[in-house]
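A.B. asks: okay, predicted coordinates and the sequence, questions at the end:
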Amino acid sequence: MLTDKLQFEKYIADADPPIGWDGEQNVDFFRLIGLIWLHFARYRRNVEKFLSEIPLTNTLEMVDKEFSHLMSAERCELIKRCLRLRQQRLCQIVAEFRAKEELI
């Protein structure tokens with residue numbers, strides 16, 4: 001997956017939660033988080049704290065510091081790429097739902 005961008009993005013896109021949302025079809029993980037953000041304001045702070053670079057940077061550093069001796073360099077890099085792309089997708093979906101909220 002490190003060399004096949006399409007396979008890597010498919011892997012990230014296939015993150016389906018074990019729950020759904022009434023009235024919505026094919027809700028992937030990121031859309032589910034967006035729906036929660038839109039409909040349950042009390043959980044927004046929990047979602048928004050993962051939108052900044054600080055938690056991502058701390059997590060990437062932890063992968064290097066705590067797990068690099070347990071896994072191959074390729075596996076560590078794959079994990080870090082997954083984390084970066086998932087955080088990027090989370091930011092995108094929250095931005096989309098913020099825009100929807102402004103239209104309401």
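C.D. replies: Perfect, I can see it now. Numbers count the residues shown, from 1 in each chain.
A.B. asks: show me the contacts for the residue nearest to the spatial centre of the chain.
C.D. replies: Nearest to the mean C-alpha position of the chain, counting by C-alpha atoms, centre = their mean, stands R86 at 3.0 Å. Under the criterion of C-beta atoms under 8 Å, 6 or more residues apart in numbering, the contact partners of R86 comprise I12, A15, F30. Any C-beta I mention is one placed from the backbone N, CA and C, and that applies to glycine too.
A.B. asks: you'd agree A13 is up against D28?
C.D. replies: Yes. Shown here, A13 and D28 form a contact pair, counting by C-beta atoms under 8 Å, at 6.8 Å.
A.B. asks: the more surrounded of those two?
C.D. replies: A side-by-side neighbour count of A13 and D28, using other C-beta atoms under 10 Å, places D28 first with 16 against 13.
A.B. asks: low-confidence regions, the chain specifically.
C.D. replies: Within the chain, the stretches falling below the threshold (pLDDT under 70) are 104.
A.B. asks: skip the chain neighbours and tell me the closest residue to R89.
C.D. replies: F30 (4.9 Å; C-beta to C-beta, 6 or more residues apart in numbering).
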